[in-house]
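Student: Predicted structure and sequence below. I'll ask about it afterward.
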Amino acid sequence: MCCLVLLPACRGKDKGPDIGALIADLKGADEEKKGKATLTLIRVGEPAVPALIEMLKSEDPRHRAMAATTCFGMGAKARAAAPALAEALADPEHEVRVGAAMAIESIGPEAAVAVPALIKALKDKDGLVRQRAAIALGAIGPAAEEAVAALVEASKWDPVRPAAEEALARIKAR
């Protein structure tokens, strides 16, 4: 009878979803599996971040974009990816740069390590990347103070002006 009492303790902890399998689904062609994998990885949170960081280094731009998008969905739980996302701001692919900026924005103040890369992204050839970089700097807030001069310069351009002005207000709000 005592063995039955101990049995649940012997089973060990649930290990949770298989992150490797979820990453494989994220890289696959099946859109339904990709969607489910993204949502599951977002729920898994921090334990999935190392695999997403690795995916940001993929040769396939679609994989890099999916990794950035998934980090965006995680918000602050993806904070360990901030340095890799900062590097992705220089990616040759537009979707990856936009996704990286959005992911940094969702991380917020804990992504302050990305400020120098975001400052560079304010000069990106693509207006959407510039705009998302300004929004991300605003989300970082006062920790992005070194970006003030670059934001003032960026605020002279459309479509960046509203985002840059909002970022300046958020950075200066203490």
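Tutor: Perfect, thanks for sending it. What you see is a predicted model, and the numbers here were worked out from it, not measured in a lab.
Student: Helix or strand with the lowest mean pLDDT in this structure?
Tutor: When each helix and strand of the chain is scored by mean pLDDT, DSSP states H and E, helix 2-10 comes last, with a mean of 48.
Student: Would you mind measuring from Glu46 to Arg132?
Tutor: According to CB to CB, to the nearest Å, Glu46 stands 24 Å off from Arg132. Backbone N, C-alpha and C define where each C-beta goes, glycine included.
Student: whoops, I mixed them up, Gly20
Tutor: 30 Å.
Student: before we move on, what about Lys33?
Tutor: Computed with CB to CB, the distance linking Lys33 and Arg132 is 28 Å.
Student: Who has more neighbours out of the two?
Tutor: Arg132 (26 against 16; other CB atoms under 10 Å).
Student: for the helix or strand that contains that one, packing partners?
Tutor: If you go by DSSP states H and E, Arg132 is part of helix 127-140. If contacts are counted by 3 or more CB pairs under 8 Å, 6 or more residues apart in numbering; DSSP states H and E, helix 127-140 sits against helix 94-107, helix 115-121, helix 148-154, helix 160-172.
Student: now, of those, which is deepest in the fold?
Tutor: Of these, the one with the most neighbours on average (mean count of other CB atoms under 10 Å) is helix 94-107, at a mean of 26.
Student: center of this protein, which residue is that?
Tutor: Nearest residue to the geometric centre of the chain (CA atoms, centre = their mean): Ala103, 2.6 Å.
Student: residues in contact with that one?
Tutor: By CB atoms under 8 Å, 6 or more residues apart in numbering, Ala103 lies in contact with Ala68, Thr69, Cys71, Phe72, Met74, Ala78, Ala81, Leu85.
Student: how far away is it from Lys172?
Tutor: Plainly put, Ala103 is 24 Å away from Lys172 if you go by CB to CB.
Student: Near the nearest residue to Ile171 once chain neighbours are set aside, how many other residues are there?
Tutor: Take Ile171 and drop its neighbours on the chain: the residue closest to it by CB to CB, 6 or more residues apart in numbering is Ala144, 5.2 Å away. Using other CB under 10 Å, Ala144 has 25 other residues around it.
Student: Right, I'll call it a day here.
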